[in-house]
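Enquirer: Give me coordinates for this.
(one chain, ligands or ions: 2)
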Amino acid sequence: MKEQNILNAYDNARERYAALGVDTDKVLETMQNFHLSLHCWQADDVMGFERHAGALTGGIQTTGNYPGRARNIDELRQDILKAVSYIPGTHRLNLHETYGDFKDEVVDRDQVEPRHFQSWIEWGKEHGMKLDFNSTSFSHPKSGNLTLSNPDEGIRNFWIEHTKRCRAIAEAMGEAQGDPCIMNIWVHDGSKDITVNRIKYRELLKDSLDRIFATDYRHMKDCIESKVFGIGLESYTVGSNDFYIGYGVSRNKMITLDTGHFHPTESVADKVSSLLLYVPELMLHVSRPVRWDSDHVTIMDDPTLELFQEIVRCHALERVHYGLDYFDASINRIGAYVIGSRAAQKCMMRALLEPLAALRQYEAAGQGFERLALLEESKSMPWPAVWDMFCLKNNVPVGDGYIAEVEKYEAEVTSKRK
Ligand code: RNT
Ligand code: ZN
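Expert: Numbering: from 1, shown residues only. Ligands and ions are numbered 1, 2, ... in the order given. So this is what the prediction gives:
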């Protein structure tokens with residue numbers, strides 16, 4: 001696309017938005033401070049780098065076997081850097097414990113230390129990517145169906161120790177980067193069939209979390225993630241939405257909203273304004289559930305747009321952390337990062353471009369027709385011109401320009417991985 005065309009289109013868009021009371025220059029500025037936390041696990045189908053790594057368990061699944069997944073830490077880093085070079089702005093990286101730099105060492109989950117993430121800390125500094133973190137309860141011989149809620153004290157203590165160590169690692173990351181590391185806890189604990197002592201496992205999970213959170217840290221923040229069900233664990237999820245909201249509210253912990261972890265017709269967007277009244281902050285796992293928690297690549301769909309609109313409407317940009325969470329092994333994985341990240345950014349940009357003041361005036365005055373009309377007209381306002389300007393300013397491909405670039409990297413690099 002010709003630069004002059006992009007500039008002209010932006011000028012027109014700026015005028016049109018200004019007429020509705022929206023300052024596009026300010027939106028561009030805000031977008032510059034909007035950082036996604038890219039999930040490292042799209043690059044390698046959630047495999048990680050444990051020397052003894054086995055199959056993916058814990059009720060989650062990657063499907064597809066598109067060639068070229070990252071097979072080691074160097075390839076994963078290279079792929080992430082490639083992906084971010086096509087995403088405007090600066091972003092964070094969200095690591096799982098299983099992505100430590102273990103080299104040839106066998107490090108069991110209850111033995112992991114900050115030193116296993118030292119090279120990540122340095123890499124993050126070098127490339128301007130701040131780190132977030134996750135404990136990893138799945139894909140391990142002791143995972144089974146129950147981890148932090150396991151009545152077997154040996155197994156439960158193993159996972160408590162793991163999660164405590166993960167918090168210490170997150171603290172080290174946060175301190176080194178001078179910005180809190182957001183650490184997410186999601187455990188798959190549940191049961192395939194009818195469970196008649198549901199409260200027992202929830203009591204155990206609550207107790208485990210209390211023990212894990214007993215240490216106060218200054219450079220990391222905890223968040224807890226609920227889910228409806230996992231594959232093979234369909235009848236009962238210990239860490240349900242109600243469980244974690246109760247826990248989060250009573251313990252002042254951040255809630256993680258994974259957009260794939262609710263009933264298909266439930267609005268995740270509508271949770272934002274309630275939760276923010278009771279918990280300090282939110283973490284997002286932006287995903288795209290197709291019929292179930294399928295973790296398809298995020299696109300610019302209505303649920304995602306509505307979620308970001310709600311955050312903007314709550315003036316809560318600073319109280320939300322924007323993680324992505326999907327793992328599609330059926331298409332080019334670098335492309336998957338770029339599509340999902342740019343889609344999330346477009347949703348945020350469109351949310352920021354909403355003529356909120358005018359809409360709220362109509363609402364307050366009981367002018368329902370006018371409110372609905374403006375909402376409808378907003379949809380066809382020239383937001384793509386603002387988006388193109390954002391890409392141009394950030395020196396990343398405008399429009400579909402990244403397709404050929406991703407193909408080139410595939411031809412030269414990922415397709416050669418056997
Ligand atoms: C699983 C959860 C969890 C994982 C990652 C890998 O349903 O969404 O967040 O996707 O931790
Ligand atoms: Zn998630």
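Enquirer: Sort out which residues of the lengthiest helix in the chain are buried, please.
Expert: Across the chain, the helix with the greatest residue count (assigned by DSSP state H) is helix 153-177. Of the residues in helix 153-177, 155-156, 158-167, 169-177 count as buried by neighbour count, 16 or more other C-beta atoms under 10 Å. Bear in mind the C-beta positions are built from the backbone N, C-alpha and C, glycine included.
Enquirer: Enumerate the residues of the chain near ligand 2.
Expert: For the chain, the contact set with ligand 2 under C-beta under 5 Å from the ion comprises 258, 285, 325.
Enquirer: again, only using 8 Å
Expert: 184, 186, 225, 227, 256, 258, 260, 261, 285, 287, 323, 325 (C-beta under 8 Å from the ion).
Enquirer: The fourth one: neighbouring residues, count only.
Expert: In terms of burial, residue 227 registers 25 neighbours under the definition other C-beta atoms under 10 Å.
Enquirer: List the residues that contact it.
Expert: Residue 227 is in contact with 186, 188, 237, 239, 240, 258, 261, 293, counting by C-beta atoms under 8 Å, 6 or more residues apart in numbering.
Enquirer: May I ask you to confirm that residue 211 is in contact with residue 159?
Expert: No: counting by C-beta atoms under 8 Å, residue 211 sits too far from residue 159 to count as a contact (10.7 Å).
Enquirer: Residue numbers of the stretch 1-150 of the chain in contact with ligand 1?
Expert: Selection of the stretch 1-150 of the chain residues close to ligand 1 by C-beta under 6 Å from any ligand atom yields 41, 46, 60, 134.
Enquirer: Please verify my assumption that the last one contacts residue 94.
Expert: What that stands for is residue 134. Yes: applying C-beta under 8 Å, one finds residue 134 in contact with residue 94, separated by 6.8 Å.
Enquirer: Tell me which stretches of the stretch 301-418 of the chain form strands.
Expert: Using DSSP state E, counting those that start in this stretch, the strands of the stretch 301-418 of the chain run over residues 320-324.
Enquirer: where's residue 413 relative to residue 334, distance?
Expert: Residue 413 sits 9 Å away from residue 334, going by C-beta to C-beta, to the nearest Å.
Enquirer: These two: which is more packed in?
Expert: Neighbour comparison, residue 413 and residue 334: the larger count goes to residue 334, with 28 against 15 (by other C-beta under 10 Å).
Enquirer: Now that one. Nearest residue, chain neighbours left out?
Expert: residue 83 (4.9 Å; C-beta to C-beta, 6 or more residues apart in numbering).
Enquirer: State the distance from residue 220 to ligand 2.
Expert: For residue 220, the distance to ligand 2 (C-beta to the ion, to the nearest Å) stands at 18 Å.
Enquirer: Counting neighbours, what do you get for that residue?
Expert: 21.
Enquirer: Touching, it and residue 177? I think so.
Expert: No: between residue 220 and residue 177 there is no contact under C-beta under 8 Å: 10.6 Å.
Enquirer: Tell me which residues touch the closest residue to ligand 1 within the stretch 101-250 of the chain, please.
Expert: Using C-beta to the nearest ligand atom, residue 186 is the residue of the stretch 101-250 of the chain that sits closest to ligand 1, at 4.3 Å. Counting by C-beta under 8 Å, 6+ apart, residue 186 touches 134, 137, 224, 225, 227, 239, 256, 258.
Enquirer: which residue ranges form the strands in the stretch 101-250 of the chain?
Expert: Using DSSP E, counting those that start in this stretch, the strands found in the stretch 101-250 of the chain span residues 131-134, 181-185, 190-191, 220-225, 236-237.
Enquirer: so can I have TSV of these showing mean pLDDT?
Expert: Output for the strands of the stretch 101-250 of the chain, formatted as TSV (pLDDT from 0 to 100):
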stretch	mean pLDDT
strand 131-134	99
strand 181-185	99
strand 190-191	98
strand 220-225	98
strand 236-237	98
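Enquirer: Serialize the ones you listed to a markdown table and add fields for distance to residue 266.
Expert: Formatted as a markdown table, the strands of the stretch 101-250 of the chain follow (distance: least, C-beta to C-beta, whole Å):
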| stretch | distance to residue 266 |
| --- | --- |
| strand 131-134 | 24 |
| strand 181-185 | 21 |
| strand 190-191 | 19 |
| strand 220-225 | 16 |
| strand 236-237 | 15 |
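Enquirer: For ChimeraX, write the select line for the buried members of the contacts of residue 227.
Expert: Command for ChimeraX that selects the buried part of these, burial taken from 16+ other C-beta under 10 Å:
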select :186,188,237,239,240,258,261,293
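Enquirer: ok, so of the contacts of residue 227, who is nearest residue 319?
Expert: residue 258 (17.5 Å; C-beta to C-beta).
Enquirer: gap between that closest one and residue 288?
Expert: To residue 288, residue 258 is 11 Å away according to C-beta to C-beta.
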